[in-house]
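[1] How does the following fold in three dimensions:
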Amino acid sequence: MRTIRRHFVTHIHVAAVGLFALAQATACIPYTVGSTAETAPVGQSTHTASMYFIPNAVKSPGDSVSVPMRGLDAEWRHGMDERSDVGLRLMPGAGGAIVNYKHRFEDAGSGQPALAYMIGGGVVNWGEHAEMEATLIASGDESASIMPFGGLRAIQVIPITQGAVSDSPTLGGFGGLQFGDRSFSIRPELGVYYDRSALGLRRSSVIFVPAITLARGPRPDNVDAQAAKAANAARPRRSSGGIICTLIGVGDCR
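    Down below sits the predicted model:
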């Protein structure tokens, strides 16, 4: 009974350390990208939900058991033009929200991947830190049923409350595959980052972040309807005089 009780107390202690880390450590940042170089269609929105898992994320000094971190992020993106969109990412587990901007500067084709950069910022760790991020994303042909994507990512947190710890930049890369199409896809992803633990809650500064993202975009018919609407709006309109001329058979006078 004492052995069982000792193990129970140990696990409770480690779990408490893990909860403390979730609330305080700068490890609570958006490692998972879950996005390709493609931007949301003009005037349309896309939605994603990313579930991530960080093995051996927290280990209290003197303990032999490490605690993993799990989390769920939700992101909404809205197309601004044919190459740019804006996004809002909510991170309940990290107590934060990020606003970012993505711009695709190279299209996929002839063996060339599509390329985009994404920059953003917000607050994490329940308002204790400001966060800035920059990401370079490369991906293949979006029309393919299986498409690779990946890139490089840099994240920096800055204390904005008294007593919040400082941390060095987090640098790394990610890669994954997209299964599906623009209306719905599944994106397994693996991130590898150098992230020094500011609170000394783990020994290694290299972490692995497997994740899976479910992405839902506008239906193809909605995109086509939006494009037709934009094209129709760009057409020159006939004057009332031109309509009357057409009706009486004079011709298409304007």
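
[2] Can you check what pLDDT the model gives P218?
    Per-residue confidence at P218 stands at 88 (pLDDT).

[3] Would you enumerate the residues in contact with the closest residue to Q178 other than its chain neighbours?
    Distances taken as CB to CB, 6 or more residues apart in numbering put M147 closest to Q178, at 4.5 Å, once the chain neighbours are dropped. Using the backbone N, CA and C atoms, a C-beta is placed for each residue, glycine as well. By CB atoms under 8 Å, 6 or more residues apart in numbering, the contact list for M147 reads T36, S139, G140, D141, L177, Q178.

[4] Closest one of those to N56?
    Checking the contacts of M147 against N56 by CB to CB gives L177 as the nearest, at 24.8 Å.

[5] I'd assumed A144 was in contact with the closest one.
    No. If you go by CB atoms under 8 Å, L177 and A144 don't touch, sitting 10.2 Å apart.

[6] related to what we said a few turns ago, which of the contacts of M147 sit farthest apart?
    D141 and L177 (12.9 Å).

[7] if we can go back for a sec, now the buried members of the contacts of M147.
    T36, S139, G140, Q178 (16 or more other CB atoms under 10 Å).

[8] now these in TSV, with secondary structure?
    Shown next, in TSV, are the buried ones among the contacts of M147 (DSSP: H, G, I helix; E, B strand; the rest coil):
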residue	secondary structure
T36	coil
S139	strand
G140	coil
Q178	strand
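
[9] Would you confirm that A94 belongs to a strand?
    No. Using three-state DSSP, the assignment for A94 is coil, not a strand.

[10] Could you verify my assumption that it touches Y31?
    No. Taking contacts as CB under 8 Å, A94 lies outside contact range of Y31: 9.9 Å.

[11] CA atoms only for stretch 108-119, dumped as CSV, please.
    What follows is stretch 108-119, C-alpha atoms only, in CSV (Å, rounded to 0.1, in the frame of the first residue of the first chain):
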residue,chain,number,x,y,z
ALA,A,108,3.8,25.8,-57.6
GLY,A,109,4.6,24.5,-61.1
SER,A,110,7.3,22.8,-63.2
GLY,A,111,8.9,21.2,-60.2
GLN,A,112,8.9,24.5,-58.3
PRO,A,113,7.1,24.4,-54.9
ALA,A,114,4.7,27.2,-53.9
LEU,A,115,6.4,29.5,-51.3
ALA,A,116,4.8,31.8,-48.8
TYR,A,117,5.9,33.7,-45.7
MET,A,118,3.8,34.2,-42.6
ILE,A,119,4.4,36.7,-39.9
